[in-house]
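Engineer: I need the structure of the sequence given here:
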Amino acid sequence: MSLIKPRSNKSSRRASPPRASANPALDLFHRHWHAIEKQQAKMDKFTSDGRAIYDRFCHEIEPLERQQCALIYQLCQRLTTFTARKSFTQWQRETLHDWIHELFSYLESNPFRGELDLEAIAIDLQANSSALMDEEMIEQQCDLMYAMLMEACGHAPDDREQLRAFVRDPHQLRDYMLNARAQAHSADQDDGDAGEEGDDVSFDWDLEGIDEDEGNPFADHAFEDDEPEHAAGQVDALFDKSSLKQLYRKLAMALHPDREPDPVKREEKNQLMGQLSHAWEHQEMFTLLQLAHTHLPESESLLSADNLAYINPLLKRRLRDLERQYYLETEQGLLAVVLRRFKQRSKKKTEAAFAEHRAYLEQDIDDLQQHLAEIRSLQTLKPYLSARLNAQQDAFWDDGFDLDSLFR
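Structural biologist: Alright, predicted model coming up:
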């Protein structure tokens, strides 16, 4: 006798898309609508499944994450103050800078750093480093500065002394780049082609960043065939159609609260009528179709061929928007990161994941507090630098480096 029960017909039956009709445009409408409902249900399930874990993370873990970031920032500030000192050996200075860059990079990519001013640390680090440069090093930095400005701004000062000033004082460099950005933005507005508002000037301090578009199937060409201006024009034209106005009027009659004797249903219809009025006033086509699909059985008969010619491309765009939103939430959003880290196959494993990460944060917070308490002078800093160098060398040999390979 088999231990596996045969599946019933009910459990094996799958939902199928609407049957084909003699109207290809209406069939396409049904396919788009079915795909949108399926995608929306998929998104709702992801949000529902992850909400409890995400709320727990925000309550238990996020405060520790923010405390860790604040302490790392303080340590980064503390270490930066030592970079102007001249009494370091070459390896000590390199180890110190590597440590600062490691901390800086961690903060730069951490979503819990809040309003910590990373630019201030970067500027102080550059200023302290330039104070120790000899003439040859300053000249090299000037060449790098010129190339960087040409790439970022399209122009750079020919005056060598001004480039030297930029190397010595990063605030002057920042002002120059801000002014260049403002002039470019003004020129774009004059041409009727303004750039993105609110763009921040970013400085490259040789710290690695994160390419958010890497591996993103929606990054480059996802919407080339559906430009926003064209879509807006389609909506305007659609809402001018008399048949769509007829759909709106029938919906208004069906949802009007004054026609409902039951007080509870009357209140519900009052809210639905508000949604309908808002959707019509703001030309929210999809909300209008959702209300019609739910509350007006004869809605499809009111969708003329002309209407469908406008509606189907808009539904296709709606589906692409939902797919993009789902990708961002499941692959790049904070909720996705939290779920990948803490959502396990069993409750016991989920508890273990929370406990493990909480223990790591608490230990790291204790270590950071100890570093801040001890590192107050060169005398107390240098043992830390020695320990870091030794750890790096041990890791190098532990990786199985083959010395003989150098002579092959």
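Engineer: Determine the longest helix present in the chain.
Structural biologist: As assigned by DSSP state H, the longest helix anywhere in the chain is helix 24-60.
Engineer: could you pull out the helices for the stretch 51-200 of the chain?
Structural biologist: Along the stretch 51-200 of the chain, counting by DSSP state H, counting those that start in this stretch, helices occupy 62-81, 90-108, 118-131, 135-153, 160-168, 170-190.
Engineer: closest one to Tyr360 among these?
Structural biologist: For the helices of the stretch 51-200 of the chain, the distance to Tyr360 is smallest for helix 62-81, at 9.3 Å, taking CB to CB. From N, CA and C alone the C-beta is placed, and that goes for glycine too.
Engineer: Distance from the chain centre to that closest one, please.
Structural biologist: Remark: helix 62-81 is offset 22 Å from the chain centroid, using CA atoms, centre = their mean, to the nearest Å.
Engineer: what about Ser186, distance to Tyr176?
Structural biologist: Ser186 sits 16 Å away from Tyr176, going by CB to CB, to the nearest Å.
Engineer: more crowded one of those two?
Structural biologist: A direct count of neighbours by other CB atoms under 10 Å for Ser186 and Tyr176 places Tyr176 higher, at 18 against 11.
Engineer: Which residue, other than its chain neighbours, is closest to the more buried one?
Structural biologist: Closest residue to Tyr176 apart from its sequence neighbours, by CB to CB, 6 or more residues apart in numbering: Phe166 at 6.9 Å.
Engineer: count of neighbours near that neighbour?
Structural biologist: Here the count is done by other CB under 10 Å, and Phe166 has 26 residues near it.
Engineer: Now do the same for it: its pLDDT.
Structural biologist: For Phe166, the pLDDT comes out at 76.
Engineer: Likewise for Lys250?
Structural biologist: On pLDDT, Lys250 comes in at 86.
Engineer: do the same with Ile53
Structural biologist: The model reports Ile53 with a pLDDT of 92.
Engineer: Hmm, it is touching Lys343, no?
Structural biologist: Yes - at 5.4 Å, Ile53 and Lys343 qualify as touching, with contact defined as CB atoms under 8 Å.
Engineer: Compare those two (neighbour count), which wins?
Structural biologist: Ile53 (19 against 16).
Engineer: any idea how far Ala41 is from the more buried one?
Structural biologist: To Ala41, Ile53 is 20 Å away according to CB to CB.
Engineer: where does the stretch 1-150 of the chain have low pLDDT?
Structural biologist: 1-22, 131-133 (pLDDT under 70).
Engineer: Not counting stretch 381-390 itself, show me its contacts.
Structural biologist: Residues outside stretch 381-390 that contact it (CB atoms under 8 Å, 6 or more residues apart in numbering) are Leu79, Phe82, Trp91, Gln92, Thr95, Leu96, Asp98, Trp99, His371, Ile375.
Engineer: between these, which is closest to Glu62?
Structural biologist: Set against Glu62, the nearest of the contacts of stretch 381-390 by CB to CB is His371 (22.7 Å).
Engineer: secondary structure class for that closest one?
Structural biologist: helix (DSSP: H, G, I helix; E, B strand; the rest coil).
Engineer: So what's the gap between stretch 57-64 and the chain middle?
Structural biologist: Mean C-alpha position of stretch 57-64 versus that of the full chain (CA atoms, centre = their mean) differs by 20 Å.
Engineer: Let me fix that, I meant to ask about stretch 104-112.
Structural biologist: 13 Å.
Engineer: how is the chain carved up into domains?
Structural biologist: Using automatic domain parsing, the domain parsing of the chain gives 23-53+228-334, 62-132+344-388, 134-189.
Engineer: Could you work out the end-to-end span of the longest one for me?
Structural biologist: Read that as domain 23-53+228-334. By CA to CA, to the nearest Å, the extent of domain 23-53+228-334 from end to end equals 44 Å.
Engineer: next one: the second one
Structural biologist: From its first residue to its last, domain 62-132+344-388 covers 28 Å (CA to CA).
Engineer: Need phi/psi at Trp154.
Structural biologist: One correction, residue 154 is Gly, not Trp. When read as degrees, to the nearest 10, the backbone of Gly154 gives phi 90, psi 0.
Engineer: residues in contact with it?
Structural biologist: Ala180, Ala184.
Engineer: and it, how far is that from Leu163?
Structural biologist: Gly154 is 16 Å from Leu163, by CB to CB.
Engineer: Any figure for the gap between Leu322 and Leu149?
Structural biologist: In terms of CB to CB, Leu322 sits 42 Å off from Leu149.
Engineer: ditto for Lys269
Structural biologist: According to CB to CB, Lys269 and Leu149 sit 63 Å apart.
Engineer: go on, Pro313?
Structural biologist: From Pro313 to Leu149 the distance is 44 Å (CB to CB).
Engineer: what about Glu268, how many neighbours?
Structural biologist: Glu268 is flanked by 14 other residues according to other CB under 10 Å.
Engineer: And for whatever helix or strand it lives in, what's in contact with it?
Structural biologist: Using DSSP states H and E, Glu268 sits within helix 263-281. With contacts defined as CB under 8 Å, 6+ apart, helix 263-281 is touched by 239, 248, 251-252, 255-257, 260, 284-285, 287-288, 291, 295.
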